[in-house]
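A.B. asks: just need the structure, nothing else, for what follows:
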Amino acid sequence: MEGALNELKDLKEFYDPDTVDLMRFINEKTGKGRSFSGSMQLMAAVKLCTDRRITNHPHYENKLLRLRTKEIYQIYAKRTPKDVYHLLRKHGTDYVILENSICYSRQELGCKIKDILDYNNGHVIEGGVADRGLVNSDVSRFCHAIKSGGEEFSLYFKKMFENRTFYMYKLLGSGS
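C.D. replies: The predicted model follows:
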């Protein structure tokens, strides 16, 4: 018993102000019935902290959920706003949350989520070479390009929240 009490003294509270700000915004500014798409780990936090619907979840894995997540992760690939909008709509998304840590990852060449998506989509990865049938894409990486707020994006998405870590967009034509 004494050992457990000593361990409890060492417990530290985890505090991530950017995530707290995002969850607070979702709770205060979005409707209870709205659904969210993003990375699996972030969607678990959205579900836990806001009780909002999520389109992809890190648990209960099966083939259909893996395929759904692969489609939703196109937010980090070289895809047009129209393509991403329709993929997200297909899964009932009202809001999409992009993470800078994924979009601007500096991991080893070929090991980033965006590299895996590019390869799987038949595109040369950034810093890679055109081999094995891969082609250079003329389309910008969605998570980078949406931040410009260009007309092609404003037809489908409206920025609702941003901080150093997250960018949240509402899919136009969805509820409040």
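
A.B. asks: would you mind listing the outside residues contacting the longest helix belonging to the chain?
C.D. replies: Counting residues, the longest helix found in the chain (DSSP state H) is helix 17-29. Outside helix 17-29, the residues that touch it by CB atoms under 8 Å, 6 or more residues apart in numbering are 36, 45-46, 49-50, 52, 95, 97, 160-161, 163-166, 168. Placement of C-beta: from N, CA and C, glycine included.

A.B. asks: which residues does the nearest residue to Ser140 once chain neighbours are set aside contact?
C.D. replies: Spatially, and ignoring its direct neighbours in sequence, Ser140 is nearest to Lys78 (6.6 Å; CB to CB, 6 or more residues apart in numbering). Neighbouring residues of Lys78 by CB under 8 Å, 6+ apart: 118, 121, 123, 137, 139-142.

A.B. asks: can you map out the helices along this structure?
C.D. replies: According to DSSP H, the helices that the chain contains are 2-10, 17-29, 40-50, 63-72, 81-90, 100-103, 113-120, 142-145, 151-154.

A.B. asks: what comes up buried for the fifth one?
C.D. replies: Just to be clear, that refers to helix 81-90. For helix 81-90, burial by neighbour count (16 or more other CB atoms under 10 Å) applies to 81, 84-85, 87-88.

A.B. asks: sounds good, over and out.
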